[in-house]
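J.: give me coordinates for this.
(2 chains)
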Amino acid sequence: MIASIIILSGFYLLFTKKNLLLAILALEIVFNGINLMFATVSFYYGDLTGQMIVLLSLSVAAASFAIGLILVLNYYRLKRSLNIEEMTELRERIEDGDRDGNN
Amino acid sequence: MARALFMSIFLLMFIALFLLLLRQKKVVYQFLVYLGMMVLLGIVYLFLGSEFLMAFQIIVYAGAILVMFLFFLYLYPEEEFKIQDMKNSSLIKILMPSLLFVIILILILFAFDVREYEPSVSVYSVRELAKLIYNQYPLAIFLLAFILTYPMIAIYLLMKGSGSDD
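T.: Below you'll find the predicted structure:
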């Protein structure tokens, strides 16, 4: 239950804040919730596999955080902004003719 | 009994820290609160009997990640890290999958009985592996499926919401 709450709070933070850095932080919280779930299940079933998965996951989380920070840094250098809603370069462009229903 | 009490205390502390994190306006303070959350999580790992995991958690999160992030913050002006909240209508739409997740999780936890399954031929057979997964690990599969589908639903809702504003 605690792990579920941690995961949901991470998702809440991810979708309510517009800052790119906070999005990375929210993803880390989600990672931690999942890790806690693995560790709890491992504890209750007496199986060490869950803890090994958590170790692996922690390493991957650290690496992904570093890569995320690098991407944010480069994006900020490029655009001078960290607002998620301004990241619209890859979205589909709608032409004026298509918008009116004419091909 | 003692474990349930400790977990309740941890849950309350975690919620308090999370509310504090939401209230903070500066990213530096938010990450400091996050540091507190990670240390709290490390204590829970200690309580679950995995000391090595606690050490790893604190070294990785309190040490590596936080220091890396603070170094990153030194590079940029502070006014860029202001936080803006979303509109309430889009928030409700986005949190609907979370509600669905909670309902299905409760259903799986309380209504689904986990059955032991011994593979008859070999684990390398895809059919036997599928039977094993769906009989013995339904919760793990559900969580994996949810983690994979949630961002898609949320992105769809976000794009739909932003499209109506144009």
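J.: tell me where chain A has helices.
T.: A:2-16, A:20-45, A:49-79, A:96-99 (DSSP state H).
J.: my error: substitute chain B in the last question.
T.: B:2-23, B:27-47, B:51-57, B:66-74, B:88-111, B:126-136, B:138-165.
J.: out of the helices of chain A, which is closest to residue B:29?
T.: helix A:20-45 (12.0 Å; Cβ to Cβ). C-betas here are computed from N, CA, C, even on glycine.
J.: wondering if the closest one reaches chain B at all.
T.: Yes. Judged by Cβ under 8 Å from any Cβ of the partner chain, helix A:20-45 and chain B are in contact via A:21-22, A:25, A:28-29, A:32, A:34, A:36-37, A:39-40, A:42-43.
J.: run through the chain and note the low-pLDDT ranges.
T.: Here I'm looking at chain A. Within chain A, the stretches with pLDDT under 70 are A:93-103.
J.: wait, chain B
T.: Ranges of chain B meeting pLDDT under 70: B:1, B:75-98, B:108-109, B:111-130, B:132-134, B:136-166.
J.: give me the most central residue, chain A.
T.: residue A:27 (3.3 Å; Cα atoms, centre = their mean).
J.: roughly how far does that one sit from chain B?
T.: As judged by Cβ to the nearest Cβ, to the nearest Å, residue A:27 and chain B stand 10 Å apart.
J.: circling back: among the helices of chain A, which comes closest to residue B:47?
T.: helix A:20-45 (9.0 Å).
J.: and the closest one, which residues are buried?
T.: Judged by neighbour count using 16 or more other Cβ atoms under 10 Å in any protein chain shown, the buried positions of helix A:20-45 are A:20-43.
J.: before we move on, what about stretch B:24-43?
T.: Across stretch B:24-43, burial judged by 16+ other Cβ under 10 Å covers B:24, B:27, B:30-31, B:33-38, B:41-42.
J.: what does the domain assignment say about chain B?
T.: For chain B, automatic domain parsing gives the domain ranges B:2-81, B:88-165.
J.: anything in the first one near chain A?
T.: Just to be clear, that refers to domain B:2-81. Yes. Judged by Cβ under 8 Å from any Cβ, domain B:2-81 and chain A are in contact via B:7, B:10-11, B:14-15, B:18, B:21-22, B:27, B:30-31, B:34, B:37-38, B:41, B:44-45, B:48-50, B:52-53, B:56-57, B:60-61, B:64-65, B:68-69, B:72, B:75-76, B:80-81.
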